[in-house]
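1. from the sequence below, what's the structure:
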Amino acid sequence: MTGNNFTHQLKVYTQLLLDEESNWGERRESLQQIHRLFAECGAMDMLQTDNATDREAVWLEGGYAVSPYSAGMCLFEIVRTRLFVLGLINAITDLLQLQKERPIQVLDAGCGPYALLSLLASLYFTKEEVQFHLLDIHRSNMQSAGKLIESLELSDRFDSYLVADACTFQWHRQKDLNIVIAETMLNGLRKEPQVALTLHLAPQLCTNGIFIPEKISVDCRWHDSTGQQRKLEEMNELGDNSIPDYSLFEEQLCNVLTLTKDSVKDYFLQSPVAKALIPLHHTSQKDQIRLYTTINVYKQYIMHHHDSSLTAPITISQPNKNPLQPGTTIDFWYAIENMPEIKWKAYS
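-> Residues are numbered from 1 along each chain as shown. The predicted model follows:
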């Protein structure tokens, strides 16, 4: 099969993934077909690799860079892949309408073995409109992505392949850096270097440059686990397979952290960075206190909890683990280096 045929197939699968009318099963199938096509094009096959180095993470000052295997498996996260690609496409489209300079310069920081987000977005633009720059700490990721892009005959849209730490990388090109896209995070902004990377790369954007995701928020909420379980049981009895409105069983206690392109390091070094008060109606034998992550990818493309592993709630207090009493205060602070994570301490 020729590169043009591969690219045509990829466009068909990508269209199905991004189509507002497609269902969950169709989107899952499209990602499975995209993975199959990538393997046929000679890229790293995460489902077949037995190379130990493909499963090794790299520890950085700002967190750990996941292994090529883990980065590749992100492809199968339906909501994550779909919303990040849609966000990137719309950001490029907006800049093309707002400014005369061409092409738009996009830096994909932590691109993984497929450069998935940039690659799928590149199908919708010409080389005159956009140029992508791939950046990753793993040389094997860059080799895999380069081979894939060459096989798909899309090399004219990819300007550079950079093996470097995104937390120390400097943009030295004469052309302005218009967009940075980076998804190097876990729920709760823990372990991976999303915070350090954002703080370092966002200031290198040109005026009106776009950082994707635009905002990541971690909130502390009270969770009525008993009420939610009762609702799920009622829906199951009625044969209702829809997703319940989880917000009905939650109460906002505080915003713990918010990360945007305008964030500064001093904000994360505050101690405490936030406080929460356990409500008087909290029942330590039934209810939970959780951290919820919300990712505003770009404009209307938002990931809520239960959408992806990136936004899965983190329980910090439940009946059988760290039960907290009503009226208890929680102090939160952030460990920004080495092993990034939100830490907390409760007191009466």
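2. so what pLDDT did the residue nearest the centre of the chain get?
-> Residue closest to the mean C-alpha point of the chain, counted by Cα atoms, centre = their mean, is Glu183 at 4.0 Å. Note on Glu183: pLDDT of 96.
3. skipping its backbone neighbours, what lies nearest it in space?
-> Once flanking residues are discounted, Glu183 sits nearest to Phe84: 6.1 Å by Cβ to Cβ, 6 or more residues apart in numbering. Heads up, the C-betas are built off the backbone N, CA and C, glycines and all.
4. my guess is the one you found is in a helix, correct?
-> Yes. Under DSSP: H, G, I helix; E, B strand; the rest coil, Phe84 falls within a helix.
5. hmm, Asp307 and it touching each other?
-> No. Look at Phe84 against Asp307 with Cβ atoms under 8 Å: they stay out of range, at 11.7 Å.
6. tell me where the model's unsure across the chain.
-> For the chain, applying pLDDT under 70 flags the ranges 1-3, 49-54, 229, 244.
7. now do the helices in the protein.
-> 3-18, 24-40, 68-73, 78-98, 116-122, 139-151, 194-201, 225-237, 265-268 (DSSP state H).
8. for Pro279, which of those helices is the nearest?
-> Pro279 sits nearest to helix 225-237 of all those, at 14.1 Å, using Cβ to Cβ.
9. and the closest one, which residues are buried?
-> Neighbour-count burial for helix 225-237 flags Ser225, Gln228, Lys231 (criterion: 16 or more other Cβ atoms under 10 Å).
10. swap in stretch 334-348?
-> Tyr334, Ile336, Pro340, Glu341, Ile342, Trp344, Ala346.
11. show me which of these is closest to Gln194.
-> The closest of the buried residues of stretch 334-348, once distances to Gln194 are taken by Cβ to Cβ, is Pro340, at 7.9 Å.
12. list the residues that contact the spatially closest residue to that closest one that is not a sequence neighbour.
-> Distances taken as Cβ to Cβ, 6+ apart put Gly63 closest to Pro340, at 4.7 Å, once the chain neighbours are dropped. Gly63 is in contact with Thr184, Lys191, Glu192, Pro193, Gln194, Val195, Ala196, Asn338, Met339, Pro340, counting by Cβ atoms under 8 Å, 6 or more residues apart in numbering.
13. one more time with 7 Å
-> Applying Cβ atoms under 7 Å, 6 or more residues apart in numbering to Gly63 gives the contacts Lys191, Glu192, Pro193, Ala196, Pro340.
14. good, we can wrap up now.
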